[in-house]
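Participant: please work out how this folds:
(one chain, ligands or ions: 1)
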Amino acid sequence: MAQALQVGVVSLFPDMFQAITEYGVTRRAVEQQLLQLHTWNPRDFTHDKHRTVDDRPYGGGPGMLMMVEPLRAAIAAAKEGVGDNPRVIYLSPQGKKLDQQGVQYLSQFSSLVLVAGRYEGIDERVIEADIDEEWSIGDFVLSGGELPAMVMIDALARQVPGVLGHQDSAAEDSFVAGLLDCPHYTRPETLDGKKVPSVLLSGNHDKIRQWRLQQALGRTWLRRPELLTDLALTDEQQRLLDEFKANYQL
Ligand SMILES: NC(=O)c1ccc(NCc2ccccc2)nc1
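Facilitator: Numbering: from 1, shown residues only. You can find the predicted model right below:
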């Protein structure tokens, strides 16, 4: 049986996660039990009449923080529920920037607890005591950690063997790690007077492979040259890139 990914999420808005459990590849992963997702809502761990989940910041200032007691109780319940000593991750703009390498690193954990903050975040002492790793999906502030958590879950689910059927996994394989993707084309053969590149109609699979690789290399050079500095290109890749550069009219 393939190693399933067990995820516990701590969130005030658990229904948001239907965005991944009810649609597409991640829905199928849940149905196949390759991805198991359970939510824990701090509001269910309150004891006051108003079920308070936010609290005022010491030192004053605008905004609120997540109230400590219900949050910690929910984190503890999630850790116990997911079992197998899960890695506890907090999504915040202060975290390590997530990229595909970070996704690969996080794929080593078969069980995770993701803490989705709301308001201005959580008490620093909770981060120190209960959180193993802090991650960010990018340099921007959102209304909560739920969307970042779903982004991370989606990316991690795709790393679980069996989640990507042959169709999709072929797509992943064609994608050379660390490069941008090549252009894609489908019917009609001519669109607004623009024809599909003839090599793609040639049926010559090695020419097509080379064209796609060259396009990926060229695009990466043009749009994200800094990605190339981390890559050790093969002789073929270097040759294709050099040819692309030579043909490129700046
Ligand atoms: N860039 C991200 O990954 C991200 C994560 C969470 C978030 N908002 C919730 C929050 C706000 C402030 C402090 C901690 C959490 N916005 C963006």
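Participant: alongside the ligand, which residues does the chain contribute?
Facilitator: Residues of the chain lying close to the ligand by C-beta under 6 Å from any ligand atom are 91-93, 117, 120-121, 136-138, 140-142, 144-145, 148. Using the backbone N, CA and C atoms, a C-beta is placed for each residue, glycine as well.
Participant: out of those residues, which end up buried?
Facilitator: In those, burial by neighbour count holds for Leu91, Ser92, Pro93, Gly117, Gly121, Ser136, Ile137, Leu142, Gly144, Gly145, Pro148, counting by 16 or more other C-beta atoms under 10 Å.
Participant: buried set for the longest helix along the chain?
Facilitator: If you go by DSSP state H, the chain has its longest helix at helix 205-223. Neighbour-count burial for helix 205-223 flags Gln210, Trp211, Arg212, Leu213, Gln214, Gln215, Ala216, Leu217, Gly218, Arg219, Thr220, Trp221 (criterion: 16+ other C-beta under 10 Å).
Participant: what's that helix packed up against?
Facilitator: helix 225-229, helix 235-247 (3 or more C-beta pairs under 8 Å, 6 or more residues apart in numbering; DSSP states H and E).
Participant: so for the shortest one, mean pLDDT?
Facilitator: Model confidence over helix 225-229 averages 98 on the pLDDT scale.
Participant: by contact count, what packs against that helix?
Facilitator: Applying 3+ C-beta pairs under 8 Å, 6+ apart, one finds that helix 225-229 contacts helix 205-223.
Participant: returning to what we had before: which other residues reach the longest helix of the chain?
Facilitator: With C-beta atoms under 8 Å, 6 or more residues apart in numbering as the test, helix 205-223 has contacts from 174-176, 179-183, 197, 199-200, 202, 227-228, 233, 236-237, 240-241, 243-245, 248.
Participant: now a ChimeraX select for only the buried ones of these.
Facilitator: Burial among these is assessed by 16+ other C-beta under 10 Å; the matching ChimeraX selection reads:
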select :176,179,180,182,200,233,237,240,241,244
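Participant: distance of Glu80 relative to the ligand?
Facilitator: Relative to the ligand, Glu80 is positioned 24 Å away (criterion: C-beta to the nearest ligand atom, to the nearest Å).
Participant: no no, Ala19
Facilitator: Remark: distance between Ala19 and the ligand (C-beta to the nearest ligand atom) = 16 Å.
Participant: quick check: buried residues in the helix or strand containing Ala155?
Facilitator: Assigned by DSSP states H and E, Ala155 falls within helix 146-157. Within helix 146-157, the residues scored as buried using 16+ other C-beta under 10 Å are Glu146, Pro148, Ala149, Met150, Val151, Met152, Ile153, Asp154, Ala155, Leu156, Ala157.
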